[in-house]
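Peer 1: Provided below are the primary sequence and the corresponding predicted coordinates.
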Amino acid sequence: MKVEFAAADMTERLAPFRAVLDHAGFADALDRLCAAEWRWGTGQEVRARALKWHGDRCTFEIAVRTEDGWHSVIGKVYTGDRSDIFQTMLALGQAGFGPEADFSIAQPFVYLASLGVRLEEKVQGPSAKEIFLNGGPVPQLAASERCGQWLAFFHRTAPPRGHVADLAAEFSRYRYWTDVITRLGEPLASKAERLIRRLEAVAPASGAIAGCMGHGSYIPEHVILSGRRTATIDLDDYDVGDPGRDVAWFSVSLRRLALKHLGLLHAFDGAGERFREAYRASGRGDAVTNVAFYTALECLHGAKRDAVSQAPRAREWADVMLDEGLQALDSARGRMVKV
């Protein structure tokens, strides 16, 4: 079966990833899976559309038509070997995060090592991001609570896998973010410099908080609400580290959603507080100790992303994020506390 790609994906940057899905080895593997593993029958047509591109990886929705209709899976194509993610997902499934669990991850199907492709379940249902942007207050709060509960369960029960995060070693990368922002001139340059210096001054000591498995990119668009099931996707950046990082990632991402889509940074603060309440109710007692630090750090990260964006209001957004990062540290009053 030859893959038919969406017209919007016929770009040069996606060409290497399209070539992988066009490979005869991928078609053969997909045929076998459709017939023997998934029991869908013989594939008659295949369509693919890119969902997200990250330079070294691209996520596709792959739809296969058989005699009984259309079926969809997610295909992630990597430029390097990421068999470790597949093995980690299998381990999480065995640890209680399988597709039948209330708190789960997308089910991994197969990793095609020769092609660098992982096929996994396409979890049905809206993402938390979609609910925040399109739902009313009641579903927004319910989604926030489920997101907090999932993360608390994950931090408590997931078997630690991956490298142990070394915060001190990462500061060269954070300095690079600062340099990118500084190129935009004042007042952003001074604010970015002030923020990185304060982050350096209050960075938690290595091992100050017992590490746990971290999702690495826990944001509303990576949480799918499928009936009673709360499932997460995109574990590409998993590691072992301070649980406060994931809490901060989600909280800052929620504010960035509000800023970019509604023009109001604090529009979803009620939902953010419900998320943190749900997390604190069932998470580790010390898990939020360093959330202020990681909130400020993620604000710096967000400002860097805005600094390289072509969006008309990107400079304004970067300024807001730097102010938010400084405020997060101000709220800590010289020590790391929950925010």
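Peer 2: It's in.
Peer 1: mind listing the helices for the stretch 1-150 of the chain?
Peer 2: Along the stretch 1-150 of the chain, counting by DSSP state H, counting those that start in this stretch, helices occupy 15-22, 24-32, 83-92, 128-134, 137-157.
Peer 1: Just send the ones you listed back as a markdown table, with mean pLDDT and distance to Tyr238 too.
Peer 2: Where C-beta positions appear, they are placed from N, C-alpha and C, glycine not excepted. Formatted as a markdown table, those follow (pLDDT from 0 to 100; distance: least, Cβ to Cβ, whole Å):
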| stretch | mean pLDDT | distance to Tyr238 |
| --- | --- | --- |
| helix 15-22 | 96 | 22 |
| helix 24-32 | 92 | 25 |
| helix 83-92 | 98 | 6 |
| helix 128-134 | 98 | 19 |
| helix 137-157 | 98 | 10 |
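Peer 1: Let me know which of the ones you listed is the nearest to Val73.
Peer 2: Among these, helix 24-32 comes nearest to Val73, with 8.8 Å by Cβ to Cβ.
Peer 1: contacts for stretch 283-294?
Peer 2: Identification of contacts with stretch 283-294 by Cβ atoms under 8 Å, 6 or more residues apart in numbering yields 148, 151-152, 155-156, 199, 202-204, 208-210, 212, 242-245, 247-249, 251, 276, 279-280, 328-329, 331-332, 336-339.
Peer 1: Whichever of these end up buried, select them in PyMOL.
Peer 2: Those of those that count as buried under 16 or more other Cβ atoms under 10 Å are selected in PyMOL with:
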select buried, resi 148+151+152+155+199+202+203+204+209+212+242+243+244+245+247+248+249+251+276+279+280+328+329+332+336+338+339
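Peer 1: Mind checking which of the contacts of stretch 283-294 are in strands?
Peer 2: Cys212 (DSSP state E).
Peer 1: and the contacts of stretch 283-294, which of them are in helices?
Peer 2: 148, 151-152, 155-156, 199, 202, 244-245, 247-249, 251, 276, 279-280, 328-329, 331-332 (DSSP state H).
Peer 1: and the helix or strand harbouring Gly325, what other elements does it pack with?
Peer 2: Applying DSSP states H and E as the criterion places Gly325 in helix 314-332. With contacts taken as 3 or more Cβ pairs under 8 Å, 6 or more residues apart in numbering; DSSP states H and E, helix 314-332 sits against helix 188-202, helix 244-262, helix 291-307.
Peer 1: Which residues does stretch 24-38 contact?
Peer 2: 1-3, 20, 40-43, 46, 62, 64, 66, 71, 109-110, 112, 114-115, 117, 119.
Peer 1: Next: stretch 128-148.
Peer 2: By Cβ under 8 Å, 6+ apart, stretch 128-148 touches 126, 219-221, 223-225, 230, 250, 254, 257, 261, 268, 270-272, 274-283.
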